[in-house]
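1. Sequence first, then the predicted structure, then my questions.
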Amino acid sequence: GQQVMQIPQYQHVQEGEDFTTYCNSSTTLSNIQWYKQRPGGHPVFLIQLVKSGEVKKQKRLTFQFGEAKKNSSLHITATQTTDVGTYFCQGAQKLVFGQGTRLTINP
Amino acid sequence: DSGVTQTPKHLITATGQRVTLRCSPRSGDLSVYWYQQSLDQGLQFLIQYYNGEERAKGNILERFSAQQFPDLHSELNLSSLELGDSALYFCASSGGAGNQPQHFGDGTRLSIL
């Protein structure tokens, strides 16, 4: 079945440093979605990527979808304490979530 | 506020018991999804309903079942509960049948003693 691997599992950074999480699928994805879950909260939809090679930006967040539509990344520039949380990717077809990357930040 | 309502927020029960979790989707959404999140774990997809019909099935145990009613609210039934069933159960909804952003409720925290 479809597997979605996400790395790293944990990332601790100093405030102001950049952060990147990667999502890799064993199969081609029709689209991929990213979610953020704050500690004690529920997942919140961030973005959906559909096209091969697509790049989307939301302020300090940059999302990329690979050319082969099997991998994706989320990059945060100059992290802030409000970025703390777990970031999940989800492959659309099988509704499979990656294990998530937990981001913690030293202020 | 995502617009998805889950009740109850917390549930404490004993092994062997049966519980029902309830979810009301966002107004206008036809799909409901159920997920299980164990402590410090990822989100395990359980099942999806679309407009009253089962649409997709994930890693849902035979002891678990769900349904979606004509008013589109959904219930997840968990029976013969085991200690390992302790988790946060999320419901999400989306407008269509698939490949769409999902909006999550606050979850029901189930504790098995």
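-> Yep, it's here.

2. which bits of chain B sit near chain A?
-> Residues of chain B found near chain A (C-beta under 8 Å from any C-beta of the partner chain) are B:2, B:33, B:35, B:41-45, B:48, B:56, B:58, B:90, B:92, B:98-107. Every residue, glycine included, has its C-beta placed from N, CA and C.

3. Can you tell me how far residue A:54 is from residue B:66?
-> 34 Å (C-beta to C-beta, to the nearest Å).

4. Between those two, which has more neighbouring residues?
-> It is residue B:66, of residue A:54 and residue B:66, that has more neighbours when counted by other C-beta atoms under 10 Å in any protein chain shown, with 23 against 18.

5. who's in contact with the more buried one?
-> B:34, B:46-47, B:49, B:54, B:60, B:74-77 (C-beta atoms under 8 Å, 6 or more residues apart in numbering or on different chains).

6. Beta-bridge partners for it, please?
-> residue B:76 (DSSP bridges).

7. Let's see the pLDDT reported for it.
-> Listed pLDDT for residue B:66 reads 98.

8. With residue A:87 instead?
-> For residue A:87, pLDDT reads 97.

9. Pretty sure it sits against residue A:22.
-> No - if you go by C-beta atoms under 8 Å, residue A:87 and residue A:22 don't touch, sitting 10.5 Å apart.

10. So the two - more neighbours on which side?
-> residue A:87 (24 against 18).

11. what's the spacing between the more buried one and residue A:40?
-> 16 Å.

12. Low-confidence ranges, chain A, go.
-> Along chain A, segments meeting pLDDT under 70 span A:1-2.

13. rerun at 90
-> A:1-4, A:26, A:91-98, A:107 (pLDDT under 90).

14. Residue numbers of it in contact with chain B?
-> A:30-31, A:33, A:41-45, A:48, A:88, A:92-100.

15. Could you find the closest non-adjacent residue to the residue nearest the centre of chain B?
-> With distances taken as C-alpha atoms, centre = their mean, the residue of chain B nearest its centroid is residue B:34 (3.3 Å). Among residues not flanking residue B:34 along the chain, residue B:46 sits closest, at 4.2 Å (C-beta to C-beta, 6 or more residues apart in numbering or on different chains).

16. Could you do residue B:5 as well?
-> Looking at residue B:5 with C-beta to C-beta, 6+ apart, the closest residue is residue B:24, at 4.3 Å.

17. Return the residues in contact with that neighbour.
-> So residue B:24 contacts B:4-6, B:72-73 (C-beta under 8 Å, 6+ apart).

18. ok, now residue B:97?
-> Taking C-beta under 8 Å, 6+ apart, one finds B:30-31, B:50, B:55 in contact with residue B:97.
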